[in-house]
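Peer 1: here you go, sequence then predicted model.
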Amino acid sequence: MTDKGKRAGATPSQRQLKVGELIRHALAEIFSRGEVIDEVVSKHSLTVPEVRMTPDLKLATAYVMPLGGGGAADEVVTHLEKHKRFLRGEVAKRVSLKFMPELRFRVDVSFEASSRIDQLLASPDVARDLDD
């Protein structure tokens, strides 16, 4: 008998998805209003495409990306990690949860991956194979 929430690679529950989306919206609002007082973070418009929750809802991993390019993404994430205690408090004011999960930030690479797939699909070798 396996517990779906404990398996590695298990699909997230509806609760995980809902809480992740609430936290994503709260972070996006905080970033758009410029509430993080930091030189590096305030220079960039940040997007939060996804927040993944652990099954116990104690850890939220926010994937962030500066708009207009990922050149400074690692630096921005490093500075967000320094402000995660402040951000956790701000998110707690906006999201009503019994326990506020810890936040961690990662660079979102999904745009780069989809761009790479688009490049591969547009290559002459793949186009030739698709035409057959």
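Peer 2: Structure received. Numbers count the residues shown, from 1 in each chain.
Peer 1: okay, and the helix or strand of this structure with the least pLDDT?
Peer 2: helix 110-122 (a mean of 66; mean pLDDT, DSSP states H and E).
Peer 1: show me which positions of the lengthiest helix in the chain end up buried.
Peer 2: Counting residues, the longest helix in the chain under DSSP state H turns out to be helix 14-32. For helix 14-32, a neighbour-count test (16 or more other C-beta atoms under 10 Å) marks 16, 19, 20, 22, 23, 24, 26, 27, 28, 30, 31 as buried. Heads up, the C-betas are built off the backbone N, CA and C, glycines and all.
Peer 1: what's the mean pLDDT across it?
Peer 2: The average pLDDT within helix 14-32 is 95.
Peer 1: elements contacting it?
Peer 2: Applying 3 or more C-beta pairs under 8 Å, 6 or more residues apart in numbering; DSSP states H and E, we find helix 14-32 packed against strand 46-53, strand 59-66, helix 84-94.
Peer 1: could the buried residues of helix 14-32 go into a markdown table alongside distance to residue 126?
Peer 2: Formatted as a markdown table, the buried residues of helix 14-32 follow (distance: C-beta to C-beta, whole Å):
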| residue | distance to residue 126 |
| --- | --- |
| 16 | 36 |
| 19 | 39 |
| 20 | 34 |
| 22 | 40 |
| 23 | 38 |
| 24 | 34 |
| 26 | 41 |
| 27 | 37 |
| 28 | 35 |
| 30 | 41 |
| 31 | 37 |
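Peer 1: let me know the closest of the residues you listed to residue 49.
Peer 2: The closest of these to residue 49 turns out to be residue 24 (C-beta to C-beta; 8.0 Å).
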